[in-house]
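> Just need the structure, nothing else, for what follows:
(8 chains)
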There are 8 protein chains.
Amino acid sequence: MELTVYLAGQIHDDWRDHLKNKANQKELPILFVGPQENHELSDNIGEKIMGAQPDNLYKDDAASDINNFRTSVLMQKSDVVIALFGEKYKQWNTAMDASTAISLSKPTIIVRPKSLIHPLKELSNKANVTVETIDQALEVIDYCFV
Amino acid sequence: MELTVYLAGQIHDDWRDHLKNKANQKELPILFVGPQENHELSDNIGEKIMGAQPDNLYKDDAASDINNFRTSVLMQKSDVVIALFGEKYKQWNTAMDASTAISLSKPTIIVRPKSLIHPLKELSNKANVTVETIDQALEVIDYCFV
Amino acid sequence: MELTVYLAGQIHDDWRDHLKNKANQKELPILFVGPQENHELSDNIGEKIMGAQPDNLYKDDAASDINNFRTSVLMQKSDVVIALFGEKYKQWNTAMDASTAISLSKPTIIVRPKSLIHPLKELSNKANVTVETIDQALEVIDYCFV
Amino acid sequence: MELTVYLAGQIHDDWRDHLKNKANQKELPILFVGPQENHELSDNIGEKIMGAQPDNLYKDDAASDINNFRTSVLMQKSDVVIALFGEKYKQWNTAMDASTAISLSKPTIIVRPKSLIHPLKELSNKANVTVETIDQALEVIDYCFV
Amino acid sequence: MELTVYLAGQIHDDWRDHLKNKANQKELPILFVGPQENHELSDNIGEKIMGAQPDNLYKDDAASDINNFRTSVLMQKSDVVIALFGEKYKQWNTAMDASTAISLSKPTIIVRPKSLIHPLKELSNKANVTVETIDQALEVIDYCFV
Amino acid sequence: MELTVYLAGQIHDDWRDHLKNKANQKELPILFVGPQENHELSDNIGEKIMGAQPDNLYKDDAASDINNFRTSVLMQKSDVVIALFGEKYKQWNTAMDASTAISLSKPTIIVRPKSLIHPLKELSNKANVTVETIDQALEVIDYCFV
Amino acid sequence: MELTVYLAGQIHDDWRDHLKNKANQKELPILFVGPQENHELSDNIGEKIMGAQPDNLYKDDAASDINNFRTSVLMQKSDVVIALFGEKYKQWNTAMDASTAISLSKPTIIVRPKSLIHPLKELSNKANVTVETIDQALEVIDYCFV
Amino acid sequence: MELTVYLAGQIHDDWRDHLKNKANQKELPILFVGPQENHELSDNIGEKIMGAQPDNLYKDDAASDINNFRTSVLMQKSDVVIALFGEKYKQWNTAMDASTAISLSKPTIIVRPKSLIHPLKELSNKANVTVETIDQALEVIDYCFV
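A predicted model of the protein is given here:
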């Protein structure tokens, strides 16, 4: 049995690589997918494909058309969603992806530091599991294969 | 035809009263529902009903059980969801409620200031309508009755 | 038993009034709903609520946000959908509304002249009933009350 | 990860071959499916299988039974739908296929020339992405693999 | 609490009146709906509304368009379905209505004589309850109000 | 706004009356429904309606046909489910009703004594809220009206 | 692309073998599944697995438990359903399987002789395609691969 | 055709190994999955991954987060569910898993001794098949391949 895991969350550091390496070492049969991690490409993909837009509102709307398309394709292929929250950034996309996954009955793990317990309490409560580190998230998935 | 409208968003000022008054003046047949607006009650409802919890994590988890129960009951009764974002607070609950509404095919309006165009671009893009003021949100609903 | 009937189709003449009058004469317990019939308002509703847009593409997109919101609210409240096709106009909205209704399992009646048999053959085939006049469509609904 | 892409739209030129060749050159792991592209076969398939029909209405209805069967089988197997609109033909089937795909939560791309912005504004607004050329549509899908 | 009950089955005698009278005597808050009971009207409704058809196949297809429309409207409004089988007639519509009701999770009661135990065994097994008389079916519904 | 609340759980004492009285005192707009509370009637309803059965297995199966029919009708009408567990009885029906409610996305409250924390831990975890007394369960529902 | 096709209908002759051979000759990538074709085994499977039952009613109910289990497993794996009706037998299982397939949105082909047009008119009308021979049914499926 | 079968029930003896060996001997193409069978690990998995919890309530809640996550992932991958009940233990998880499977339309077999006929009558009645031994359960699945 192979699992496809969607990795929702910020794209400003290499946490996904860390997770993939760990899963590799454990030889877990997991295919990881996720959002576009090239931040500049993600912000500009609308204009890159559709051409220049009148202003930033429309540039953003064009980019989000395509980013949402990508997320939709990949999340529908996924068996599990991990959503990482940290202390920086607004992370409304992460909240959106986690909520969407929960609504689609995708088993969902939230990763967040202790400092975010209070503001994330309702979302944590709806997710299947909440942990504090991505290593713990991987242990949860690993447990499905034991 | 009467509509039930869920008002997601922060509970730190009286924006819901403003909206209700406006709807009243227009004599729109709308029943408004929403989260618990008494902030202290919302934070303490877990301990109030279930008794003291070991620490803040568990206090928060108990409160969120009951707040999520309430949201679930009321949102299932709703025909439309309005989600207000502002410049203060993390508002992950608002993002969660908007995403859940969209996943449930509830027609959804996001209200956000221009300053939040970029961080909300993917969520705006999935909502049916995005406007900048709650008066505009009410005009959108009003348009359904014209 | 009362039925709510969504009337999809062009908004350039008074076919809906004709239908409503007939239903009235037959004293059928039907609430009719449908798209915004004021064409100018329908085209301008985006700019009217959200303000001026950079050009026609964006003006149209803003209007369609709100028109789609309206359709979604009203169609979800409906038990039955009637979709009228005629020889004028592109009527892609009509095709969209009929297809959406069929996908939502709303019993759907298509009204179209004989001249449109060929181009509408696949959509007619998916609808529950296809007739040639709105009077026939009303007879079909009337038959549910007999 | 492989994607199956349904190509809705007119069958009067070789736009699907153009798209397939491009995808081939990019070595994208895509299986393309779509409607019967042999127009004569598509129009006559009802009589070909079921025998002569009393007149064109019934000939068309027989053909559409089988064309709709085909579309239903193939669209259910698809992960993504591209719907091409052009300036010729009524294209109600294209509107029907795009609307059905959207209702089934299949990520959907509409391709249409600038001249069709206004009549397609509501359908474009419901699709995930709207572009002007099939090359752009392929770039959107390509972006899911990057 | 009021229940709407769809009465599927043959339309050749007055079993529905018998049931309605009994329910009336028990003062049960039930609205009964069902197929067109005027057999001639049911067979001719296609030609009556749409005009003469080329032959019996098409006459039947036109009638079934409208009969299926009616069933679909009324069954979606129903909370419970009773399906009566007897020793006469093919009753494939009854089997179709019962199966559709079961697939829609409508609580379903089958009424059939002992002589039909064997040929109805799989359908009985999927229904919630199988009884031998319509009086028993009414007792089952009555039990929901006790 | 009125809520319909299904009360799952044992039928050996008058806990439902206690709850109804309390709700009455608070003037909450709630319609309570639930299983047949006359235990003897519940066990014998199969033979009562369908006649004598060959042995207890078949007597039980006949009764459960009708009890499940009743539960299905009433739970589909409900907005909320309360499931009470106590230290006596096997209560597999209670577990079944709670699980079914959760699968149907009905907001669900489990009431269980501290002594049952361990054996109910997975079911509690899937329910929206778990409390220890039926008074607490009513407070949770009351909170939806505040 | 491979298709799994469920073959509903009587099990008293070798029509399935005929169909499989034809498909084989055409080298169509189809996996055929269907009900238990050994009639005696199908009727006795309940007692064979569960032991002797008190009488024929219970023997039949036990057999239908297991036959329905089989059908449910295999139909959920299927992309397409063919349902054959003939002039012999009551064939309520065939009507049940066809209706279930249609309710599950499985593209469905009914095969029936001209003599059954009238009694099958409503079911034919709900299926995607109705033909008169199993060879025609195979041609319809073959058309999906062309 | 391969089937994935989820084995719900107690984890205190080696009944799953017995079943797997039997299936192996029959060379059935079945992948068996199920809950964590290491009881100690199952009880401690919450603290093992998330660290020490304040008391047993929270330890249990943490463990059940992860056990429910596992069950959800594996049951969604399954085609069939077997749920074993015995005379020992409360087995509310087994009742929960069986009910969830039934609600998800997974074909479900309950295995229970004669002594449990009465307390399991409603759940048995909702399952597709009820047998008394795991060998019988395997015979039911085997019958799908014959």
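
> Which residues does stretch A:106-116 contact?
A:6, A:9, A:75, A:78-87, A:98, A:101-102, A:120, A:123-124, A:127-134, A:136-137, A:140-141, B:57, H:69, H:72-73, H:76 (CB atoms under 8 Å, 6 or more residues apart in numbering or on different chains). C-betas here are computed from N, CA, C, even on glycine.

> Contact residues of chain A facing chain H?
Applying CB under 8 Å from any CB of the partner chain, one finds that chain A approaches chain H through A:1, A:3, A:79-80, A:105, A:107, A:109, A:128-132, A:136, A:139-140, A:143-144, A:146.

> ok, 7 Å please
Proximity of chain A to chain H, by CB under 7 Å from any CB of the partner chain, involves residues A:1, A:79-80, A:107, A:128-129, A:131, A:136, A:139-140, A:143-144, A:146.

> And those residues, which is closest to chain D?
A:D79 (12.7 Å; CB to the nearest CB).

> From what I see, that closest one and A:T4 are in contact.
Yes. Assessed by CB atoms under 7 Å, A:D79 is found in contact with A:T4 at 5.3 Å.

> Surely A:Y6 touches A:I30?
No. Applying CB under 7 Å as the test, A:Y6 and A:I30 come out as separate, 11.0 Å apart.

> Just want to know which of those two has more residues nearby.
Taking other CB atoms under 10 Å in any protein chain shown, A:Y6 and A:I30 do not tie; A:Y6 has more neighbours (24 against 20).

> Mind checking what secondary structure the more buried one has?
Following DSSP: H, G, I helix; E, B strand; the rest coil, A:Y6 is assigned to strand.

> so who does the residue of chain A lying at maximal distance from its centre touch?
Relative to the centre of chain A, and counting by CA atoms, centre = their mean, the farthest-placed residue is A:P54 at 29.9 Å. A:P54 makes contacts with C:P54, C:D55, C:Y58, as judged by CB atoms under 7 Å, 6 or more residues apart in numbering or on different chains.

> what does chain A have sitting close to chain D?
A:31, A:36, A:45, A:49-50, A:65-66, A:68-70, A:72-74, A:77.

> And the strands in chain A?
Along chain A, the stretches classed as strands by DSSP state E are A:3-9, A:30-33, A:80-84, A:108-111, A:129-131.

> show me the contacts for the closest residue to A:V5 other than its chain neighbours.
Nearest residue to A:V5 in three dimensions, chain neighbours excluded: A:V80, at 4.7 Å (CB to CB, 6 or more residues apart in numbering or on different chains). Listed by CB under 7 Å, 6+ apart, the contact set of A:V80 reads A:L3, A:V5, A:K106, A:P107, A:I141, H:V73.

> Tabulate those (CSV), appending distance to D:Q25.
Below are the contacts of A:V80 laid out as CSV (distance: CB to CB, whole Å):
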residue, distance to D:Q25
A:L3, 32
A:V5, 31
A:K106, 34
A:P107, 38
A:I141, 37
H:V73, 38
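
> Which members of those residues are the farthest-apart pair?
A:K106 and A:I141 (12.8 Å; CB to CB).

> Compare the two (neighbour count), which wins?
Shown here are A:K106 and A:I141; by other CB under 10 Å, A:I141 has more neighbours (25 against 22).

> Please name every helix or strand in contact with the helix of greatest length in chain A.
If you go by DSSP state H, chain A has its longest helix at helix A:56-76. Helices and strands touching helix A:56-76, by 3 or more CB pairs under 7 Å, 6 or more residues apart in numbering or on different chains; DSSP states H and E, are helix A:39-50, helix A:92-103, helix B:121-126, strand D:129-131, helix D:134-143.

> Among the ones you listed, single out whichever gets nearest to G:W15.
G:W15 lies closest to helix D:134-143 among the helices and strands packed on helix A:56-76, at 42.6 Å (CB to CB).

> Which elements pack onto that closest one?
If contacts are counted by 3+ CB pairs under 7 Å, 6+ apart, helix D:134-143 sits against helix A:39-50, helix A:56-76, helix D:15-25, strand D:80-84, strand D:108-111, strand D:129-131.

> Restricting to C-alpha, output stretch A:135-146 in CSV.
Extracted in CSV, the C-alpha atoms of stretch A:135-146 (Å, rounded to 0.1, in the frame of the first residue of the first chain):
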residue,chain,number,x,y,z
ASP,A,135,9.1,14.6,12.7
GLN,A,136,6.1,13.8,14.8
ALA,A,137,3.8,14.1,11.8
LEU,A,138,6.0,11.5,10.0
GLU,A,139,5.8,9.2,13.0
VAL,A,140,2.0,9.4,12.8
ILE,A,141,2.0,8.3,9.2
ASP,A,142,4.7,5.7,9.8
TYR,A,143,2.3,4.2,12.4
CYS,A,144,-0.2,3.4,9.6
PHE,A,145,2.4,1.1,8.1
VAL,A,146,3.4,-0.8,11.2
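
> what residues does that stretch touch?
Under CB under 7 Å, 6+ apart, the answer for stretch A:135-146 is A:3, A:5, A:19, A:22-23, A:26, A:28, A:30, A:80, A:82, A:109, A:111, A:129, A:131, H:36, H:45, H:49-50, H:66, H:69-70, H:73-74.

> Next: stretch A:58-74.
A:6, A:33, A:35-36, A:42-47, A:49-50, A:53, A:97, B:117-118, B:121-122, B:125-126, C:54, C:58, D:79-80, D:107, D:128-129, D:140, D:143-144.

> Could you turn the buried ones of those residues into a PyMOL selection?
The following PyMOL line selects those of the contacts of stretch A:58-74 that are buried, judged by 16 or more other CB atoms under 10 Å in any protein chain shown:
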select buried, (chain A and resi 6+33+35+36+42+43+45+46+49+50+53+97) or (chain B and resi 117+121+122+125+126) or (chain C and resi 58) or (chain D and resi 79+80+107+128+129+140+143+144)
